[in-house]
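kindly return the folded structure for what I paste below:
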Amino acid sequence: MTDETTEELDVSDLARHMGVPMMPGELREPIAVNDIRRWVQAMHYPNPLHYDEQYAAESRFGRIIAPQSFTVATDTSHGCAPAQVGRIPDSHLVFGGDEWWFFETRLEPGDKVLCHRMPYDYKVAETSFAGATCFQRGDTVYITDKGGRVALQRSTAIRYKVRKAKEKKLYDEAEAEPEWTDEKIAELDVIKAEFIDAVQKLGHEKRLLDSVKAGDTLPRNVLGPHTLASFTTEWRAYPMTTWGNMRKGPTSVKGIDLGYTKEFAGNEGDRNLERTDPERTDGAYYGPSRGHLQPQWAKKIGMARGYGYGASMGAWVLDYVAAWAGEWGHLTHADVKYRSPALTGDASFITGTVTGVREERRRVHVADVDVRIVNQDDEVQAKGSVSVQLPLE
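Below you'll find the model as predicted:
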C-alpha cells in the first residue's frame, strides 16, 4: 500500500478506509428468470442453457440457471464500491480488472444475494493515460439467502485526475469510429456463427479433462461492432439500474465526497432522491457513468467516444471459457485485466489457449486457459487467465 500525496494526485484520504468493512449491498428482488435472459442477451452470450426453457430442462440442472458471470449483476455496484472509497480531489475512474474466486454455489432463479464489501489496498503509478494514477482494489463476497457462498471478487478501480487525462490526449486519434462495410460485417457474422455452432455442438455432453491438453485453442468469437445501443443494453441488464431495485447500498458516500468533479458527481445510488426524481439518480443520464453512453461527456474524462463497461468485459471472458467447458464445467478462478476500453464502433475478438491441466486440490481437476480480447486493430482490450474445473468421467 502507498500512502502519499503528490502535486497531481492526492490520495492521503485512502489509508483510513483500508480493511474497514462497508455497508453491504442488496437488491430488493430475488433473481428472476428474465433477469438471467436479459443478462445473456446483453452480454451477447447465446448459450440456450441460460434462456431456452426446453433446452435447460434437458440439462443436468433441469432448469434455467444463471451463468457464473451473472454474479456481478447481483451487486448494487457490480463489485466496484469497495474499490473506490476515499476522496481523491478532481478525479474520475475507470475499471482496471477483476479477479474472481468461485465457490460451489450456482445462482438460480429465486435466490437472493447479499454482498459483503471491504476495501483492500491501493498504489500510485505513472500511466500514459493520465500521469500519476491510483490503482485501488476492494473485495466483495457474494452469499445467497440460503447461506451458500457464490464468489469472492477483487475489483480494481483506476482513479486519475481528469485534467491530466485530457492533457495526455491518449485517445484523440480514436475520435472517429471505424467504418464497417457489409462485407466486413458478414465476416464477423461467420465468426459468430462458428462460435455458436461449437457451443451448441457440445450440448449437454461432458468435456472431459483427459480430452484437453496444453496448446489446445478455443473457438474464436467476436462481439460487436459496439454501439451506444449495445452499451445501453448492457447497462440495463444490471438489475441495480432499475428504479427502486436497491434495498441496501451501493454506498453511503456521494460522488462529490469521493472527489468527482462537480459536473460528474451526480446522485447515483441516492435512494432518497430516487423516490421523487429517479432519472436524476440514473447513471445512463447523469453522474459519473454518463460518459459511457453520452460521447460529449466521454471526451470530458479523456475518452474519445462512448465506451463499454469493465464489468461487462469481464463477463465476456467468463462466458467465453464457460461456453467451451460446457454445462459440466465450473469456473474456479479468473484474473482479468482491462487494458483499453471497447469504444463505439469497435469489435472485440476473443481467443483462448489452454496452458495446462492440473489437480488444484483433491478431486478438483482444472484446465487453465489464457484469454485475450483485441479490437479490429489488434489493440488489447483485456487479457487474463481462467481456471475451469472439468469432469474426469
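
which helix of the chain spans the most residues?
helix 182-202 (DSSP state H).

what is the rounded mean pLDDT of the next helix or strand after it?
Using DSSP states H and E, the helix or strand that follows helix 182-202 in sequence is strand 221-223. For strand 221-223, the mean per-residue pLDDT is 98.

how far off centre is strand 221-223?
16 Å (Cα atoms, centre = their mean, to the nearest Å).

over to stretch 344-354?
For stretch 344-354 - counting by Cα atoms, centre = their mean - the centre lies 15 Å from the chain centre.

put the alpha carbons of that stretch into CSV.
In CSV, the C-alpha atoms belonging to stretch 344-354 read as follows (Å, rounded to 0.1, in the frame of the first residue of the first chain):
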residue,chain,number,x,y,z
THR,A,344,-18.3,2.6,-30.0
GLY,A,345,-17.6,1.2,-33.5
ASP,A,346,-15.0,-1.3,-32.2
ALA,A,347,-15.3,-5.0,-32.5
SER,A,348,-13.9,-7.3,-29.8
PHE,A,349,-12.2,-10.5,-30.9
ILE,A,350,-11.9,-13.2,-28.2
THR,A,351,-9.4,-16.0,-28.3
GLY,A,352,-8.2,-18.6,-25.8
THR,A,353,-5.5,-21.2,-25.4
VAL,A,354,-5.2,-24.0,-22.8
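
got the buried residues for it?
344, 345, 346, 347, 348, 349, 350, 351, 352, 354 (16 or more other Cβ atoms under 10 Å). In short, each C-beta sits where N, CA and C put it, glycine included.

thought residue 230 was touching the second one, still the case?
Yep, that's residue 345 we're talking about. No: here residue 345 lies out of contact with residue 230, judged by Cβ atoms under 8 Å, at a distance of 10.9 Å.

returning to that earlier point: for the longest helix of the chain, packing partners?
If contacts are counted by 3 or more Cβ pairs under 8 Å, 6 or more residues apart in numbering; DSSP states H and E, helix 182-202 sits against strand 221-223, helix 310-325.

helix 182-202 and the longest one, what's the angle between them?
Translated: helix 310-325. 50 degrees (axes from the mean of the first three to the mean of the last three Cα atoms, to 10 degrees).

can you name every helix or strand that the following helix or strand past helix 310-325 contacts?
With elements assigned by DSSP H and E, the helix or strand that comes after helix 310-325 is strand 330-338. Applying 3+ Cβ pairs under 8 Å, 6+ apart, one finds that strand 330-338 contacts strand 91-102, helix 310-325, strand 364-374, strand 380-389.

deepest-packed of the ones you listed, please.
The highest mean neighbour count among the helices and strands packed on strand 330-338, using mean count of other Cβ atoms under 10 Å, belongs to helix 310-325: a mean of 25.

now do that helix, average pLDDT.
According to the model, helix 310-325 has a mean pLDDT of 96.

gap between that helix and the chain center?
For helix 310-325, the distance to the chain centre is 9 Å (Cα atoms, centre = their mean).

tell me what angle it forms with strand 380-389.
50 degrees.

got the angle between helix 310-325 and strand 91-102?
20 degrees.

now residue 367: how far from residue 217?
13 Å (Cβ to Cβ, to the nearest Å).

where does this structure dip in pLDDT?
1-7, 165-174, 249-257, 259 (pLDDT under 70).

if we go to 50?
1-6 (pLDDT under 50).

residue 120 belongs to a helix?
No: under DSSP: H, G, I helix; E, B strand; the rest coil, residue 120 falls outside any helix and is assigned strand.

one step back: could you dump the helices and strands packed on strand 330-338 to TSV with distance to residue 240?
Output for the helices and strands packed on strand 330-338, formatted as TSV (distance: least, Cβ to Cβ, whole Å):
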stretch	distance to residue 240
strand 91-102	15
helix 310-325	11
strand 364-374	24
strand 380-389	22
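
one step back: common neighbours of residue 367 and residue 217, please.
residue 354 (Cβ atoms under 8 Å, 6 or more residues apart in numbering).

can I get the helices and strands packed on helix 182-202 in a markdown table including distance to residue 148?
Converted to a markdown table, those look like this (distance: least, Cβ to Cβ, whole Å):
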| stretch | distance to residue 148 |
| --- | --- |
| strand 221-223 | 30 |
| helix 310-325 | 19 |
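
nearest to residue 92, of those?
helix 310-325 (13.5 Å; Cβ to Cβ).

and that closest one, what does it pack onto?
strand 91-102, helix 182-202, strand 330-338, strand 348-361, strand 364-374, strand 380-389.

in the shortest one, what's buried?
When you say that, I think you mean strand 330-338. 330, 331, 332, 333, 334, 335, 336, 338.

likewise for stretch 17-30?
17, 18, 22, 23, 24, 25, 26, 27.

for those residues, which one is nearest residue 383?
Of these, the one sitting nearest to residue 383 (Cβ to Cβ) turns out to be residue 18, at 27.3 Å.

so what pairs up with the nearest residue to that closest one once chain neighbours are set aside in the strands?
Distances taken as Cβ to Cβ, 6 or more residues apart in numbering place residue 119 nearest to residue 18, at 5.2 Å, with adjacent residues excluded. Note on residue 119: beta-bridge partners residue 138, judged by DSSP bridges.
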